[in-house]
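Asks: Kindly return the folded structure for what I paste below:
(chains A and B)
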Amino acid sequence: MADPVIKPQGWRVVDPAGLRWRSWDGLTVVHHAPSGDTQLLNAIAADTLTRLVAGVVSVDALVEHVAQRHPELSSVELARQVRILLDELAELGIIEPTVGNDDGGEASGGGGGGGGGDA
Amino acid sequence: MIVGDLSLVDWRRRLAGGPSGPRGGVTLAIGPFVTRLTVRLPEVAEAMHFLYRDYPLLEAPAIHDFDVAALPMRRLGTGPRKATLHFDGLPKFDPIERDQALPMFEWLLNWCIFTHPHQYLILHAAVVARDGLAAILPGMPGAGKSTLCTALVHRGWRLLSDEVALVTPATGLLTAAPLPIGLKEESIPLIRAAFPEARIGPPVRGTRKGTVAHIAPPASSMAAVDQPARPRWIIFPEYQPHASLSLEPTPRANALMTIAADAFNYSLLGATGFETLANVVESCDCFGLRYSKLEDAIAAFEELALSEPRGSVKSASAWVPHSIPKGAVCAGQAPENQGQETCSPSVKSQQSMSTEHAAPVGGKSDTQHPVGMLCGTPRRLLLNVLAQPRRMAQLDTPAHNELLRQARMSKLVARLGCLAQDANILDDLPAKMVEQFTAARAVADQHARIVRWEVNRVAHALRQEGVDCPVVLLKGAAYLLAGLDVARGRLVTDVDILVPASRLSQVEVALLAHGWESMKVDPYDQRYYRAWMHELPPLKHTTRHSVLDVHHTILPVTGRLSPDPRLLLADARDVRSAEQGPSDARSTAAGSRIQVLAPADMLLHAAVHMFQDGELAGAVRDLADIAAMIAAFASQPDFWPKLVPRADQLGLQRPLYYALASARDLLAAPVPDSVMQALKPARPSWPVRKIMAHLIARAIVPQPPLRQDLPAATARLALYTRSHWLRMPPRLLVGHLYEKATRRWRRDKDES
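Replies: From the prediction side, this is the model:
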């Protein structure tokens, strides 16, 4: 069977219901039930993950979303941080890239890819 | 009655128990924990009479949470006098020198509380309280936690514990379980000088921590031991010589991560652990306290207490109850080691697949209690209850203790809890027993969570590396992901998978690239597995520490039976996606498919695992699995008609016969007569059948060494010999045993 042409679409949280959150004083702790791991997030990471929980999003849209909340950071620096973060979250199994094929359908992708999910 | 009501002579006599054997001892209440103590070391008994003076003694029979013993070893020759410490009748450590027995025994009691009562969130911290409000003092070794705690409890604060904060998830309240406070080195004279009223036990020199001594909990703390306290402050103490006092706020998120990293069962409780700890942190003001003078630190605590309006409980209304599901089993786990840092994702909530612990030394004499009348001989108590769970409600307290002991040794406490729940008898059982079910169920739930995640990660790794082949889950992981009832309350210590032999090396390379590594580095071990066994040398993940066994068939290639694994793979079933959790575990066009064996093959694999490949002695859980599978599959119309022909096809009639006969005889499994009749040609001769039935009945329920009788020991040895005989041809077996013996000899020589 020939592989469909894969088009990277963006990123999404694998299991949104498996995340539990608490935020105090600008820091967030999030518990990922499937792995049992607890993560400590700074404000950028928390904003990124919050946006991902809302639905599939491209890297560019993520950067734009976070930039609105952190105007003090340059867009280049912010994009770099977001990409690193996406890789880390994917490696932890919290998020995965979404891909589309040429018939317009959408499927989960390889997971943990090197930030290649932006449209 | 308290310990101090007994004279030293009487205390020693009662603590030592009867004149022979392991039975006897006293039952002590350590907070909520009913602890059976047997001590036959007079010097330890004497120190305990002093340190435990205010502890309640329980006279009536009670369900034991812990059963511990300190016994002398017989001395041969002129070596140092030694002692052994026991938990549930099993030796806990290597023999220790007698003069170290007291601190080691105290450590054992602490360990019991660290590792068993999972009905609580168990944090590693001292806890003191005033006016019902508690200060939690987490502290790394050397931070001065115990010294500060000792000082506070001699200045009006109440001791809940020097080592553990026990949080009830449903209420957020802290339960007291005080043990004597361990002090070391220079803290001992410091406390002796500052608090002359402190009751300090004998110093013990030469321990791993230097000189140590124990402080008895103040009588006032023991008088209020049954009063819970509300978390109000979290204070991280840090002793620094010459430092000025400072009390600085600590961000709550950092406090949570630090406490979680050092907690005893935070990961084990999963989401309940997180919510409970988050609620605790939210209820508290969090500080770092640096001090060099105890008086300054005490003053800081006084100031905190005085600033609190009497009776106020800040944030109490924010408490979100989180209960551990009622009604299942128990076990233990090692303290966790977690990393932590701020910003960007980090942190590891280490999960370990802990095992359940063994069983009590005692219980009164078997003839003193009506166990026999209700459930056959005590030796078969667990078997009889598994066959008829409602009998649990008819037992008396000593029989319940014996049942729990057998279940702990068999890793079946959680399963018993599930059976009690199904039989609707939880309300008829002692609360203490249900508590142990609840704690054990928490462990089983954690195992299930870990297994699901490991399957997810295996699928992820294979997909990342482009390995496209079926991955068939075996045993516990298969029962879980197939959604079988047998998985409820079942502990799973590793994940077993079966892959086509032709893809074995490809799968191994992919797994090694994703963090797994071989647990066997010795060349002989590597050869043993790769040339003779049915699996690769076990793999362990470097960060998650989970164990993965990758099989290419289901029996050793050197064994007497050789079922064709291709037949098993051909008939395997995809796991229903609803059972798989995250998407990585789903089958995808580009990745490996996660499957389980067909029902008949699953039962056959359990049969060969128990009766052809494994050791039958102590294997009651394996037989319970088989009985549960029979019960589950019996309703499928094609199960029984297919089973015997499938066994014929795979050449597994004999182990199937043993499995069905044993499950029917010992656990009342509903095996039709027609099936047994169909297996008649495969069954062994009459004398062999009788001998095997006798040996299995004798040895299948594990016994601790202190209670093992000669017939049971003989039966175990016979079954052990049989299992090796079946695994390898005699010549190979002799060579293998010779290799094992010489390696052990070399290791012992190196160690000595």
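Asks: Helix or strand with the lowest mean pLDDT in chain A?
Replies: Ranking every helix and strand in chain A by mean pLDDT, DSSP states H and E puts strand A:106-108 at the bottom, with a mean of 45.
Asks: Could you give the number of residues near B:A510?
Replies: 20 (other C-beta atoms under 10 Å in any protein chain shown). Where C-beta positions appear, they are placed from N, C-alpha and C, glycine not excepted.
Asks: Then the one 10 residues further on?
Replies: For B:K520, the neighbour count with other C-beta under 10 Å is 17.
Asks: And the one 5 residues further on, by the same measure?
Replies: For B:D525, the number of neighbouring residues by other C-beta under 10 Å comes to 16.
Asks: what's B:L85 in contact with, if anything?
Replies: When the contact criterion is C-beta atoms under 8 Å, 6 or more residues apart in numbering or on different chains, the partners of B:L85 are B:V68, B:A69, B:A70, B:L71, B:P91, B:K92, B:F93, B:I96, B:A101, B:M104, B:F105, B:L108.
Asks: now the helices for the stretch 601-750 of chain B?
Replies: Listed in chain order, the helices found in the stretch 601-750 of chain B under DSSP state H, counting those that start in this stretch are B:620-633, B:639-650, B:653-667, B:673-678, B:686-699, B:710-727, B:730-751.
Asks: Remind me which helix or strand A:W21 belongs to.
Replies: In this structure, A:W21 is located in strand A:19-24 according to DSSP states H and E.
Asks: right, I mislabeled it, should have said B:R290
Replies: Counting by DSSP H and E, B:R290 is found in strand B:285-291.
Asks: swap in B:A83?
Replies: In this structure, B:A83 is located in strand B:82-87 according to DSSP H and E.
Asks: Of the contacts of B:L85, which belong to helices?
Replies: The members of the contacts of B:L85 that map onto helices under DSSP state H are B:A101, B:M104, B:F105, B:L108.
Asks: Buried ones among those residues?
Replies: Buried positions within these, assessed by neighbour count (16 or more other C-beta atoms under 10 Å in any protein chain shown), are B:A101, B:M104, B:F105, B:L108.
Asks: ok, now which ones touch the closest residue to B:T27 other than its chain neighbours?
Replies: Nearest-residue entry for B:T27: B:L58, 4.2 Å, with adjacent residues in sequence omitted and distances by C-beta to C-beta, 6 or more residues apart in numbering or on different chains. With contacts defined as C-beta under 8 Å, 6+ apart, the neighbours of B:L58 are B:T27, B:L28, B:A29, B:V34.
Asks: For my notes, confirm the first one occurs in a strand.
Replies: Yes. Secondary structure assignment places B:T27 in a strand (DSSP: H, G, I helix; E, B strand; the rest coil).
Asks: so B:M728 makes contact with B:L555?
Replies: No. B:M728 lies out of contact with B:L555 (C-beta atoms under 8 Å); the separation is 11.4 Å.
Asks: So between the two, which is more surrounded?
Replies: Between B:M728 and B:L555, counted using other C-beta under 10 Å, the more crowded position is B:L555 (24 against 18).
Asks: ok but the more buried one is inside a strand, no?
Replies: No. Judged by three-state DSSP, B:L555 forms no part of a strand; its state is coil.
Asks: okay, B:L306: pLDDT?
Replies: Model confidence at B:L306, given as pLDDT, is 89.
Asks: Can you list the buried residues in the strand or helix carrying it?
Replies: Under the criterion DSSP H and E, the helix or strand holding B:L306 is helix B:294-307. Going by neighbour count (16+ other C-beta under 10 Å), the buried part of helix B:294-307 is B:L294, B:D296, B:A297, B:I298, B:A300, B:F301, B:L304, B:A305.
Asks: dump the residue contacts of the fourth one.
Replies: Under the criterion of C-beta under 8 Å, 6+ apart, the contact list for B:I298 reads B:A151, B:L152, B:R155.
Asks: What separation is there between it and chain A?
Replies: Applying C-beta to the nearest C-beta, to the nearest Å, the value for B:I298 to chain A is 28 Å.
Asks: And that residue, how far from B:R290?
Replies: Distance from B:I298 to B:R290, counting by C-beta to C-beta, to the nearest Å: 14 Å.
Asks: Which of the helices or strands spans B:A129?
Replies: B:A129 is part of strand B:121-130 when elements are defined by DSSP H and E.
Asks: Quick check: neighbours of that strand in the sheet, parallel or antiparallel?
Replies: On the basis of DSSP bridges, the sheet neighbours of strand B:121-130 come out as strand B:133-138 (antiparallel), strand B:158-161 (antiparallel), strand B:164-167 (antiparallel).
Asks: in what helix or strand does the nearest residue to B:Y529 once chain neighbours are set aside lie?
Replies: When the adjacent residues along the chain are set aside, B:Y529 lies closest to B:P537, with 4.3 Å between them (C-beta to C-beta, 6+ apart). Assigning secondary structure by DSSP H and E places B:P537 outside every helix and strand.
Asks: Repeat that for A:W11.
Replies: A:W11 belongs to strand A:7-13 when elements are defined using DSSP H and E.
Asks: one step back: could you export the helices of the stretch 601-750 of chain B as JSON lines, including mean neighbour count and mean pLDDT?
Replies: Output for the helices of the stretch 601-750 of chain B, formatted as JSON lines (neighbours: other C-beta atoms under 10 Å in any protein chain shown; pLDDT from 0 to 100):
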{"stretch": "helix B:620-633", "mean neighbour count": "23", "mean pLDDT": "96"}
{"stretch": "helix B:639-650", "mean neighbour count": "19", "mean pLDDT": "96"}
{"stretch": "helix B:653-667", "mean neighbour count": "23", "mean pLDDT": "95"}
{"stretch": "helix B:673-678", "mean neighbour count": "14", "mean pLDDT": "96"}
{"stretch": "helix B:686-699", "mean neighbour count": "16", "mean pLDDT": "90"}
{"stretch": "helix B:710-727", "mean neighbour count": "16", "mean pLDDT": "82"}
{"stretch": "helix B:730-751", "mean neighbour count": "11", "mean pLDDT": "79"}
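Asks: Can you name the residues of chain A sitting close to chain B?
Replies: A:1, A:3, A:14-15, A:18, A:20, A:22-25, A:27-29, A:31, A:33-42, A:44-45, A:81, A:84-85, A:88-89, A:92-94, A:96, A:107-108, A:110-112 (C-beta under 8 Å from any C-beta of the partner chain).
Asks: just for chain A, where's the confidence low?
Replies: Counting by pLDDT under 70, chain A has low-confidence residues at A:1-8, A:100-119.
Asks: Skip ahead from the helix ranked longest in it and say which helix or strand is next.
Replies: For chain A, the longest helix by residue count, based on DSSP H, is helix A:75-91. Later in the chain than helix A:75-91, the nearest helix or strand by DSSP H and E is strand A:95-100.
Asks: I'd like the next helix or strand past the strand holding A:W21.
Replies: Per DSSP H and E, strand A:19-24 leads on to strand A:27-32 as the next helix or strand towards the C-terminus.
Asks: mind exporting that following strand as CSV, just the C-alpha atoms?
Replies: Taking only C-alpha atoms (Å, rounded to 0.1, in the frame of the first residue of the first chain), the coordinates of strand A:27-32 have been written out as CSV:
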residue,chain,number,x,y,z
LEU,A,27,4.1,29.1,38.3
THR,A,28,2.0,26.1,37.2
VAL,A,29,2.2,22.5,38.2
VAL,A,30,0.5,20.0,35.9
HIS,A,31,0.0,16.3,36.5
HIS,A,32,-0.1,14.0,33.5
